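Visitor: take this sequence and fold it.
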Amino acid sequence: MKFNSVFIAYSVIMGFIVGLFSALFLAIINFLIHGIWEILPAYLNAPSYYPLIIGIIGGLGVGWFQRFMGPYPRTMQETLMTYKTTKSVPYRHQLSKNFFAALLVLSFGASLGPEAALSSLLGGLISWVGDRMKLTLAKKQALLELSIGAMLSAIFHAPFAGITTPIEQPDPEDTAKSKWPKIILYGLTTLFGFLGFILVNHLVPKETIFEIRMPKIAWDTTVLWFLLPALLLGLLFGYFFLWLEKWSDLLAQKIGKPIILALIAGILLGLLGMVSPYFLFSGEHSILPLSKDYKLYSSLSLCLLALGKTLLTNLSFAFGWRGGKIFPAIFASATLGFAFVRIFPYTPGLIVGIITAAGVTVILKRPLITAALLLFLLPLQFFPIVLLSCFISAKLDKQIRQRLVKNY
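Guide: Okay, here's the model as predicted:
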C-alpha cells in the first residue's frame, strides 16, 4: 500500500495523540493507585490485611462488571482480530466500558499491564476517526497498527518497538522497495508518540523508570558455562507461563460464574499482596528496586516470587481481571534470572538478560519486538547477546513445536 502525504500527516498526528492519550491514561491509573494503596491506608491506619480487603472489594467490582457488562477491557489480540474479521473496532458504547473496566482492574492492584486496555481504546478511537475521514479499510488497519506500535513504544520506553511490525510481520504485497517507506512511517509515528508521551509526563510527573540496574559490569569468563543453561531456563519459563495460561482458562470455564471467579482472583491477589508487594501491579515500577535488592532474598524466595507472579497473572486474567501480560511476564522472567544469579553470580546482568529474553520470546512469539522491549531495560553492553538469544529462542521454539505436531 502506498502512503500519500495526507495519510502520513494523519499518522504523525495520530501518533502524537496516542502518546498523549497513553500518558494521560497511565497518569489517571497511577493517581488512583496512589489513593487506594498509599493515601487511604495511611489515613485509616490500615491493618496488615488491608491488601485482602482491597482484593475482595476489587473482586466483587470486577465480577459485577464482567457479569453485567461483558469481558472488558478487550485485549490487544482481540482488538486486532476483531478488526481483521469485521473490518472495524466497535466504539459506540464500547469505549466507556473498556475505560472503566481497565480503571477498576488496574487501580485495585491486578498483576496485569495497561497495554490491553490502551489497545482496545485506541482501536475504537481509530475506527471512529477512520469512519469520519472516509479512510479505506487498508489505511484504517495501517493506522491501527501504527498507533499500537507507538503505544507500545511509549509505555515500555522502547523507541524501536514501533518499527518491528513491518519487519517481523510484513504485508505479503510489500516488496523490498516498498518496505522501507513503511518502516520510516512507523518510525515517525513512534517518534511523535514519544513526544506526546513525554509532554504529558513533563506536566504530570510520575515514576516511569523501567530498567534493571545491576552492579557495575565485571566480565567473568566463567559465565560462558552458564549461557546455555540460562537460555534453556528461559525457554522452560516461557512454556510454563503458556501452560498456566491454558490451565487457568480451562479452570475458569469449569467454574463459569463471573462474580465467583473474580472474587477468587481478588482474594488470591490480596493474600499474595500481604506476603509481598511485588505480587501487586504489573511490575513496571517494581523491577528496578528488585534489581537493586535481589541479594537480600534467597534463591528459593525469588523462584517462588517468579512462579507466584506467573500464576497470579494468568489466573487473574482468566478469572475476569483482564489486562496485559507483557509487563508481568518480563518481571517474572527477570525475577527467575535473579534467582539463578544468586547461585551462579557470574556477570549477573548478562544471565538475567538471556533468561528474560528467552522467556518473553516464547510467550510473545516475536523475537524482534522482544529485543526492542528489552533494549533499555538492560545495560546496552548486553544487547547484542540479548538480541541473539531472542532469535535462538524463537528458532528452538519453532523446532520444538514442529516436532510436537509431528509426533502427535
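
Visitor: what's the end-to-end length of stretch 364-377?
Guide: Using C-alpha to C-alpha, to the nearest Å, one end of stretch 364-377 lies 17 Å from the other.

Visitor: wait, stretch 282-290
Guide: 14 Å.

Visitor: ok, stretch 197-212 next?
Guide: Terminal residues of stretch 197-212 lie 22 Å apart, using C-alpha to C-alpha.

Visitor: and it, average pLDDT?
Guide: Mean pLDDT, computed over stretch 197-212, is 68.

Visitor: again with stretch 268-282
Guide: Here the average pLDDT along stretch 268-282 is 94.

Visitor: give me the buried positions along it.
Guide: 268-270, 272-273, 278-282 (16 or more other C-beta atoms under 10 Å). The way it works is simple: take the backbone N, C-alpha and C, and place the C-beta from them, glycine included.

Visitor: neighbouring contacts of that stretch?
Guide: For stretch 268-282, the external contacting residues (C-beta atoms under 8 Å, 6 or more residues apart in numbering) are 33, 37, 48-49, 51-56, 58-59, 106, 108-114, 286, 290, 305, 308-309, 312, 315-316, 321, 323-324, 327-328, 331, 335.

Visitor: tell me the one of the buried residues of stretch 268-282 nearest residue 218?
Guide: residue 278 (26.8 Å; C-beta to C-beta).

Visitor: wait, residue 194 touches residue 159, no?
Guide: Yes: taking contacts as C-beta atoms under 8 Å, residue 194 lies within contact range of residue 159: 6.3 Å.

Visitor: what touches both of those two?
Guide: residue 153.

Visitor: ok so, going back, could you dump the buried residues of stretch 268-282 into TSV with secondary structure and distance to residue 342 added?
Guide: Shown next, in TSV, are the buried residues of stretch 268-282 (DSSP: H, G, I helix; E, B strand; the rest coil; distance: C-beta to C-beta, whole Å):
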residue	secondary structure	distance to residue 342
268	helix	26
269	helix	26
270	helix	28
272	helix	21
273	helix	24
278	helix	16
279	helix	19
280	coil	23
281	coil	24
282	coil	24
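
Visitor: buried residues in stretch 219-235?
Guide: 223, 226-227, 230-231, 233-235.

Visitor: which of those fall within strands?
Guide: If you go by DSSP state E, these have nothing in strands.

Visitor: find the centremost residue of the protein, please.
Guide: residue 326 (2.5 Å; C-alpha atoms, centre = their mean).

Visitor: which residues touch that one?
Guide: Applying C-beta under 8 Å, 6+ apart, the residues near residue 326 are 113, 115, 156, 360, 364, 373.

Visitor: run a quick neighbour tally on the second one.
Guide: Same thing as residue 115. Using other C-beta atoms under 10 Å, residue 115 has 22 other residues around it.

Visitor: what do you get for residue 404?
Guide: 9.

Visitor: residues in contact with it?
Guide: Residue 404 touches nothing, counting by C-beta under 8 Å, 6+ apart.

Visitor: and the pLDDT at it?
Guide: With respect to pLDDT, residue 404 scores 74.

Visitor: what's the answer for residue 177, then?
Guide: Reported pLDDT for residue 177: 57.

Visitor: make 13 the starting number, not 1.
Guide: New numbering, starting at 13: the last item is residue 189.

Visitor: buried ones among the contacts of stretch 280-294?
Guide: Neighbour-count burial (16+ other C-beta under 10 Å) applied to the contacts of stretch 280-294 gives 45, 49, 63-64, 66-68, 70-71, 118, 120-126, 298, 302, 317, 320-321, 324, 327-328, 333, 335-336, 339-340, 343, 347.

Visitor: picking that back up, what's the closest of the buried residues of stretch 231-247 to residue 201?
Guide: residue 246 (31.2 Å).

Visitor: so what's residue 225 up against?
Guide: So residue 225 contacts 300, 303-304 (C-beta under 8 Å, 6+ apart).

Visitor: next, format those as JSON lines and append pLDDT, secondary structure and distance to residue 310.
Guide: As requested, the contacts of residue 225 are exported to JSON lines (pLDDT from 0 to 100; DSSP: H, G, I helix; E, B strand; the rest coil; distance: C-beta to C-beta, whole Å):
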{"residue": "300", "pLDDT": "87", "secondary structure": "helix", "distance to residue 310": "21"}
{"residue": "303", "pLDDT": "88", "secondary structure": "helix", "distance to residue 310": "16"}
{"residue": "304", "pLDDT": "88", "secondary structure": "helix", "distance to residue 310": "17"}
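
Visitor: narrow these to just the buried residues.
Guide: In the contacts of residue 225, the ones that pass as buried (16+ other C-beta under 10 Å) are 300, 303.

Visitor: which one of the contacts of residue 225 sits closest to residue 414?
Guide: So of those, ranked by how close each gets to residue 414 (C-beta to C-beta), first place is residue 303, at 35.9 Å.

Visitor: excluding chain neighbours, what is closest to the closest one?
Guide: Distances taken as C-beta to C-beta, 6 or more residues apart in numbering place residue 224 nearest to residue 303, at 4.2 Å, with adjacent residues excluded.

Visitor: might one say that the one you found is in contact with residue 345?
Guide: No: between residue 224 and residue 345 there is no contact under C-beta under 8 Å: 11.2 Å.

Visitor: which of the buried residues of stretch 231-247 sit farthest apart?
Guide: 235 and 247 (18.4 Å).
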